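based on what follows, work out the 3D shape:
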Amino acid sequence: MAKVLKGKEVIAQLNDEVKQRSEKLQAQGIQPELAVVRLGERPDDLAYERGLTKRAGKTGVLVKSCVYPEDLTQEELLKELDALNQDPSVHGILIFRPLPKTIDDNAVRAALAPDKDVDGITDASQAGVYTGSGKGFAPCTAEACIRLLKHFEIPMEGKRAVVIGRSQVIGKPVSLLLLSQNATVTICHSRTRNLPEICQNADIIVAAAGHPGTVTRDCLRSGQTLVDVAVNVGADGKMCGDADYDAALEIADAVTPVPGGVGTVTSTVLMDHVVTAAESTQNK
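Predicted coordinates for the structure are as follows:
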């Protein structure tokens, strides 16, 4: 039976660390603050914002909700973003995406100040991940994968890692973060041939394709760690990842659950980024 790598264990430790740093800043008159930019009232956005605000309260981060109508023009949104960029009390900005089709996502990403881009969506942040310069922030979910592996003391150095998925949000950045930990990384995707054979050779599998059933029983072997990042709705209407969870429990050495795994760590990583951004203002 595989060890289940639950996110709540990672969160508990990270919450304490972030809260201590936040309280230290507050003692110096600096209140870490995250501005959440939301257009419209999508139920999933509202649910995420509620969870985010609750998580922020445990770390000493203040959440400022910036809610606009769904028909807000691109010009108006860019003006609002500029005001947040210039506001010294705001240390991080999170933009709920996808944006309405009337708004150019690239223009919005380009308008966001890189030093306040706590979710790693700007080109500058992504360049920091690519070069390993330490500038900017990695996408939170990608970093949450690494934090989880480190917390449970899963070795990465010298290990063979297979990442299934090539998105800018998870697949590509988590591949680079694994490389920075000296893992040997193979990136797979929907066009990859012989996926089971490739996965069988992996010590670590990060499943981030967004398709239920991508990681099947024949992809798995003993000795592996499976990090299932995807959040899907299965045929039975229940939330599931990319992997056959029951098979992973039976075969692999360690596996993250869905829900209750990587996704739960993501919001706390976001708070860590906000506090880090606030700390950087001390020297300005």
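
how about the strands in the stretch 51-200 of the chain?
Along the stretch 51-200 of the chain, counting by DSSP state E, counting those that start in this stretch, strands occupy 62-68, 92-95, 160-164, 184-188.

buried set for the second one?
Put plainly, it is strand 92-95. Buried residues in strand 92-95, counted by 16 or more other C-beta atoms under 10 Å: 92, 93, 94, 95. Quick note: C-beta positions are derived from backbone N, CA and C, even for glycine.

helices or strands up against it?
Using 3 or more C-beta pairs under 8 Å, 6 or more residues apart in numbering; DSSP states H and E, the elements in contact with strand 92-95 are strand 33-39, helix 74-86, helix 262-280.

what about it, distance to the chain center?
Strand 92-95 sits 13 Å away from the centroid of its parent chain (C-alpha atoms, centre = their mean, to the nearest Å).

using CSV, write out every CA atom in that strand.
Provided in CSV are the C-alpha atoms of strand 92-95 (Å, rounded to 0.1, in the frame of the first residue of the first chain):
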residue,chain,number,x,y,z
GLY,A,92,0.8,40.9,-4.6
ILE,A,93,-1.8,40.8,-7.4
LEU,A,94,-3.8,37.7,-8.4
ILE,A,95,-5.9,37.9,-11.5
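
tell me the mean pLDDT over it?
Averaging pLDDT along strand 92-95 gives 98.

where in the stretch 101-250 of the chain is pLDDT low?
Along the stretch 101-250 of the chain, the model assigns pLDDT under 70 to no residue.

apply 90 and report the result again.
Residues of the stretch 101-250 of the chain that meet the criterion pLDDT under 90 lie in 132-136, 233-238.

can you give me the helices in it?
With DSSP state H, counting those that start in this stretch as the criterion, the stretch 101-250 of the chain has helices at 105-111, 123-131, 140-151, 171-180, 195-200, 245-251.

need those in a markdown table (columns: mean neighbour count).
Shown next, in a markdown table, are the helices of the stretch 101-250 of the chain (neighbours: other C-beta atoms under 10 Å):
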| stretch | mean neighbour count |
| --- | --- |
| helix 105-111 | 15 |
| helix 123-131 | 17 |
| helix 140-151 | 24 |
| helix 171-180 | 21 |
| helix 195-200 | 16 |
| helix 245-251 | 18 |
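
can you tell me which of the ones you listed is nearest to residue 50?
helix 140-151 (17.4 Å; C-beta to C-beta).

which strands or helices does that closest one pack on?
Against helix 140-151 (3+ C-beta pairs under 8 Å, 6+ apart) you get helix 7-27, helix 171-180, strand 225-228, helix 262-280.
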